[in-house]
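A.B. asks: requesting a structural model of the entry that follows:
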Amino acid sequence: MATWLQGTIIENRQWCDDLFSLKIKTDPVDFTAGQFIRVALDIDNEQVARPYSLVNTPQEPLLEIHFNTVENGILSPRLAALKEGDSIQVADRTAGFLTVNEVPDVPHLWLLATGTGIGPFLSILKTAEPWERFKKIILGYSVKTPEKLAYRTDFEALQQQHPDQFCFVPFVTREKATGTINTRMTTSIESGEFEQHAGVELSADTSHVMLCGNADMISNVKTLLEARSMRRHLRREPGHIATEKYY
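C.D. replies: Next up is the predicted model:
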């Protein structure tokens, strides 16, 4: 079983009404970019814990989680209310297989996220490995409204650093916003619009797809990819589609 470490809140960033990021100082935790960790608070004399993907890289000194508050939720509203200097409990070990070292050798890596599912992909993209391994990296990031495009400036900076290698495609589904596609990611895949923006084909021969976010998005995208002869990736049977299981 995991041992719980004492952590201290260093920063609570509120992106909009229900979207937050916490930076946490604690004892060092070994992990691979893309993995998740459990954090906990004592609520009504009971430890309440949930898994959250890490946004930071293994080399950065502070842990960072990105989350939205759940209406009538037990933990997330209390996490959102934490202030600098407050205490939080952090597991001493991480888990998860949404990592680049699990990806087969292909030229094109597609990272598709909705909402807070963007967290593990930022962690991955801030490390050297994906830029050393893949000819083209395409990030599709879908949210409902523009203010929910957390870390947008980080991805735009990566676009400037790797103009020929990285393609950042933000989707905003409920409003029109400059520099974004005003439709669902699934619709854009079906129409071919996404591939036109990326400049590469989404195919079983050349692509590996990592999915994180809304369960409906993951299910619907998997159906679209399966129609292209793409299948779930397993260690014992390499495939094309990777998703995360938090529990």
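
A.B. asks: how is this protein carved up into domains?
C.D. replies: Structural domains annotated on the chain: 4-91, 100-243, as defined by automatic domain parsing.

A.B. asks: and these as CSV, adding mean pLDDT and mean neighbour count?
C.D. replies: Bear in mind the C-beta positions are built from the backbone N, C-alpha and C, glycine included. Shown next, in CSV, are those (pLDDT from 0 to 100; neighbours: other Cβ atoms under 10 Å):
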stretch, mean pLDDT, mean neighbour count
domain 4-91, 97, 17
domain 100-243, 96, 18
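
A.B. asks: show me what the longest strand anywhere in the chain is packed against.
C.D. replies: Secondary structure of the chain read by DSSP state E shows that its longest strand is strand 4-16. The contact analysis (3 or more Cβ pairs under 8 Å, 6 or more residues apart in numbering; DSSP states H and E) places strand 4-16 against strand 19-25, strand 87-91.

A.B. asks: try it again with 10 Å
C.D. replies: The helices and strands touching strand 4-16, judged by 3 or more Cβ pairs under 10 Å, 6 or more residues apart in numbering; DSSP states H and E, are strand 19-25, strand 36-43, strand 63-68, helix 76-80, strand 87-91.

A.B. asks: tilt between the second one and strand 19-25?
C.D. replies: Put simply, strand 36-43 runs at 90 degrees to strand 19-25, going by axes from the mean of the first three to the mean of the last three Cα atoms, to 10 degrees.

A.B. asks: re the thing from before, can you give me the angle the longest strand of the chain makes with strand 19-25?
C.D. replies: 150 degrees.

A.B. asks: and the helices and strands packed on strand 4-16: which comes nearest E175?
C.D. replies: Closest approach to E175 among the helices and strands packed on strand 4-16 (Cβ to Cβ): strand 19-25, 15.5 Å.

A.B. asks: which helices and strands does that closest one pack with?
C.D. replies: Packed next to strand 19-25, using 3+ Cβ pairs under 10 Å, 6+ apart, are strand 4-16, strand 36-43, strand 63-68, helix 76-80, strand 87-91.

A.B. asks: at 6 Å what do you get?
C.D. replies: Under the contact definition 3 or more Cβ pairs under 6 Å, 6 or more residues apart in numbering; DSSP states H and E, strand 19-25 sits against strand 4-16, strand 63-68.
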